[in-house]
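J.: after the sequence you'll find the predicted model.
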There are 2 protein chains.
Amino acid sequence: MNNRIITISRESGSGGRTIGRRTAAELGLPCYDAELIEKLEEATGLSRDYIAERGEYAAHGSWLSSAFSDRDLNGHSVQDDLWCVQRQVILELAGNGPCVIMGRCADYILQETADCLNVFIYSDMEKRARRIVEQYGVRDDSPEKHLQDRDKRRAAYYQFYTGMKWGVIQNYHIALNSGVLGIDACVEMIARLYDRKFCES
Amino acid sequence: MNNRIITISRESGSGGRTIGRRTAAELGLPCYDAELIEKLEEATGLSRDYIAERGEYAAHGSWLSSAFSDRDLNGHSVQDDLWCVQRQVILELAGNGPCVIMGRCADYILQETADCLNVFIYSDMEKRARRIVEQYGVRDDSPEKHLQDRDKRRAAYYQFYTGMKWGVIQNYHIALNSGVLGIDACVEMIARLYDRKFCES
């Protein structure tokens, strides 16, 4: 039987990371986020910052130019190597037992090999902007511009490696507006669905 | 204080109507679906079939041609009249007390005047096709083609009257894949959120 995995995709600043971590704690499951980056650091020798950034986001600049930058004569890039190792590590983690995995295209990578509950967390721009200023302080660029750039580069990365559109409702099993519902309600809904889907049916 | 309203938007064949009705029963609230059509029949003198069809769907054919068909020299149509009455009836129903309202742009109409929980129900095409064949029997056109046409015309209607995109995640507070989660889980999630949002916070 395939393991039961919760994958959490999220808009930047929506509180998705907090929701994933708290849901995992509620259910007594490991949550792979920073831990996944650590494993990738060990496996690839790449820096933590590079992995955090380029294992989930396309490079800055236009997607067309970034998709073809940093590539050798065979059209191969370090980001492609990272994608391959990341895919392998996610498959291994999901094979080890039930867990929560944050982002990194886990919903796509595990679609054939795990029994997934694929969650998308989003919120309106005003609340997301307020949240990142509270959490990370004021930045040079406006928080709204920063968030738009993050979402755009995350969507581009996702589309490049999966061929699917990020943030489109049909790719997920449940989508929750954390700004309206609140973090507590999101955690409760996901934990309850996980229990229902896997324990009651 | 504004009344607490659940609005349910749904893809055709996703079981959204059943989910709305059962959630209303669970919470002891009225559910306005066929009842809304009856009220509109009384208020407009239009036929039930016309209201069911043209109070939620653009006409057949290309949207550009249908948007301008049936209009008099002032650019006015019977569908516009129906929209105005429908809007008024939905505002009145929401003013009367907490309830569940199915479709008909209620999420947009009530955004300033009610305390809404806006829900979107969807499912994959295969399950939706199976569901409509089980419920309504075999049709001349393929069930998939029928569903695609319904969704397209519903989206066109929604966009014409609200200026917003139907089925885009950011317009809703929660979106549930009824095909994966099941009808029972969807009813439980919405009822639980309604209680949480309105009774615990």
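T.: Looks like it arrived, so ask away.

J.: any idea what whichever residue of chain A sits closest to chain B is bridged to?
T.: Residue of chain A nearest chain B, by Cβ to the nearest Cβ: A:Ala175 (4.0 Å). C-beta: built from backbone N, CA, C; applies to glycine. Beta bridges link A:Ala175 to A:Phe120, B:Ala175, judged by DSSP bridges.

J.: for it, give me its contacts.
T.: A:119-122, A:169, B:120, B:169, B:172, B:174-175 (Cβ atoms under 8 Å, 6 or more residues apart in numbering or on different chains).

J.: separation between it and B:Tyr50?
T.: 34 Å (Cβ to Cβ, to the nearest Å).

J.: now do A:Glu188
T.: Taking Cβ to Cβ, one finds A:Glu188 at 43 Å from B:Tyr50.

J.: between those two, tell me which one has more neighbours.
T.: A:Glu188 (19 against 16; other Cβ atoms under 10 Å in any protein chain shown).

J.: buried sites along the helix or strand encompassing that one?
T.: Using DSSP states H and E, A:Glu188 sits in helix A:183-195. The neighbour-count check on helix A:183-195 (16 or more other Cβ atoms under 10 Å in any protein chain shown) flags A:183, A:185-191, A:193-194 as buried.

J.: distance from the chain centre to stretch A:15-25, please.
T.: 12 Å (Cα atoms, centre = their mean, to the nearest Å).

J.: one more: stretch A:180-195?
T.: Counting by Cα atoms, centre = their mean, stretch A:180-195 comes out at 17 Å from the chain centroid.

J.: how about it and chain B, touching?
T.: Yes. Interface with chain B: stretch A:180-195 contributes A:180-182, A:185, A:188-189, A:192-193 (Cβ under 8 Å from any Cβ of the partner chain).

J.: want to throw those residues into CSV with pLDDT?
T.: Output for the residues of stretch A:180-195 next to chain B, formatted as CSV (pLDDT from 0 to 100):
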residue, pLDDT
A:Val180, 94
A:Leu181, 94
A:Gly182, 94
A:Ala185, 95
A:Glu188, 96
A:Met189, 96
A:Arg192, 94
A:Leu193, 93
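
J.: now do the contacts for the residue nearest in space to the middle of chain A.
T.: The centroid of chain A falls nearest to A:Gly103 when counting by Cα atoms, centre = their mean (1.2 Å). Counting by Cβ under 8 Å, 6+ apart, A:Gly103 touches A:8-10, A:16, A:33, A:56, A:154.

J.: turn these into a markdown table, columns for pLDDT and neighbour count.
T.: Supplementary listing: those in a markdown table, determined by pLDDT from 0 to 100; neighbours: other Cβ atoms under 10 Å in any protein chain shown:
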| residue | pLDDT | neighbour count |
| --- | --- | --- |
| A:Ile8 | 97 | 27 |
| A:Ser9 | 95 | 27 |
| A:Arg10 | 94 | 24 |
| A:Gly16 | 95 | 25 |
| A:Asp33 | 90 | 19 |
| A:Glu56 | 82 | 19 |
| A:Arg154 | 90 | 21 |
